[in-house]
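# Below is the sequence, then the predicted model.
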Amino acid sequence: MIRVLIVDDHLVVREGLQLILGLEADVTVVGEAGDGATAVRLAGELRPDVVLMDLRMPGMDGLEAIGHIRAQWPQIAIIILTTYNEDALLRQGLRAGAHSFLLKDTDRETLFRTIRAAARGEMLLQPEILQRALGPPAAAGAAGGAPASEGLTEREMMVLTAVARGERSKEIARRLGVAERTVKAHLTNIYNKLGVDSRAAAVATAIQRGILPP
């Protein structure tokens, strides 16, 4: 059972999500929060598997709440679910450690697929979201010459690119012809070199620095 915490300052949105999530047998809502501070408190008390996080809320906003939750309970996956279709928020959210970025008009199938991927510790971005995130920083990097690789090896770049496409460690290992533990070792090296602690943060940082190609 995937335990979900809903965070949104609009009651009608929280109630709507409750109804939608209640339709699936493997998903259950364990709590709701109307602001970031309450979300952080409930994350500690309830230890959900996944948090659906709005960004703009009174008091502590979603980005700050993501930072607190990721710092204290890194095993909790966070999905941004917002009405604000802004590239800057997208990149900030991914860099803060969110596993995905969804707009509130997303379809139910995509929502559940993203929740299940996040619960497995995987990052899942819709193609149009990934393209938006990659585009401007990559172009900026190209204007200044070849982007820095931050010391990543060729194999680490292959793993990072595969992660950005949403591939699992098992899938990456199969395609590269290596053991899954080798892929995990490459991921650890990538995290250390980029100064991050998750797949989502690694991809967001690589996007911001122009490491990943469009």
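Happy to help now that I have it.
# Just confirm residue 32 is within a strand.
Yes: judged by DSSP: H, G, I helix; E, B strand; the rest coil, residue 32 forms part of a strand.
# can you count the residues close to residue 97?
22 (other CB atoms under 10 Å). Using the backbone N, CA and C atoms, a C-beta is placed for each residue, glycine as well.
# With residue 85 instead?
So residue 85, with other CB under 10 Å, has 13 neighbours.
# just residue 81 next, same as before
If we define neighbours as other CB under 10 Å, then residue 81 has 26 of them.
# contacting residues for it?
Counting by CB atoms under 8 Å, 6 or more residues apart in numbering, residue 81 makes contact with 8, 52, 53, 54, 102, 103, 104, 106, 111.
# Am I right that it falls within a strand?
Yes: assessed with three-state DSSP, residue 81 lies in a strand.
# Quick check, pLDDT for it.
On the pLDDT scale, residue 81 is placed at 91.
# Distance check, it against residue 175.
Residue 81 sits 31 Å away from residue 175 when distances are taken as CB to CB, to the nearest Å.
# Please pick the buried ones from the contacts of residue 81.
The neighbour-count test (16 or more other CB atoms under 10 Å) marks 8, 52, 53, 54, 102, 104, 111 as buried among the contacts of residue 81.
# Go through those and name the one with the lowest pLDDT.
residue 104 (86).
# how many neighbours does the nearest residue to that one once chain neighbours are set aside have?
In space, and not counting its chain neighbours, residue 104 is closest to residue 83: 5.0 Å by CB to CB, 6 or more residues apart in numbering. By other CB under 10 Å, the residues close to residue 83 number 13.
# and the residue lying closest to residue 48 once chain neighbours are set aside, helix, strand or coil?
Excluding its sequence neighbours, the residue lying closest to residue 48 (CB to CB, 6+ apart) is residue 5, at 4.1 Å. Three-state assignment for residue 5 (three-state DSSP): strand.
# how near is residue 5 to residue 79?
To residue 79, residue 5 is 11 Å away according to CB to CB.
# do residue 171 as well
21 Å.
# hang on, the earlier thing: report the set of residues contacting both of residue 5 and residue 79.
50, 51, 52.
# Let's see which of those end up in strands.
50, 51, 52 (DSSP state E).
# which ones are touching the last one?
Going back to what we said before, that points to residue 52. With CB under 8 Å, 6+ apart, residue 52 has these contacts: 4, 5, 6, 7, 8, 17, 79, 81, 115.
# are any of those residues buried, and which?
Buried, going by 16+ other CB under 10 Å: 4, 5, 6, 7, 8, 17, 79, 81, 115, out of those.
# just curious, which of these is nearest to residue 91?
Closest approach to residue 91 among the buried ones among the contacts of residue 52 (CB to CB): residue 79, at 15.8 Å.
# List the contacts of whichever strand or helix holds residue 190.
Element membership for residue 190 (DSSP states H and E) is helix 180-194. With CB under 8 Å, 6+ apart as the test, helix 180-194 has contacts from 150-153, 155-156, 159-160, 163, 169-170, 172-173, 176, 197-199, 201-202, 205-206.
# 6 Å instead, please
150, 151, 156, 159, 160, 169, 170, 172, 173, 197, 202, 205 (CB atoms under 6 Å, 6 or more residues apart in numbering).
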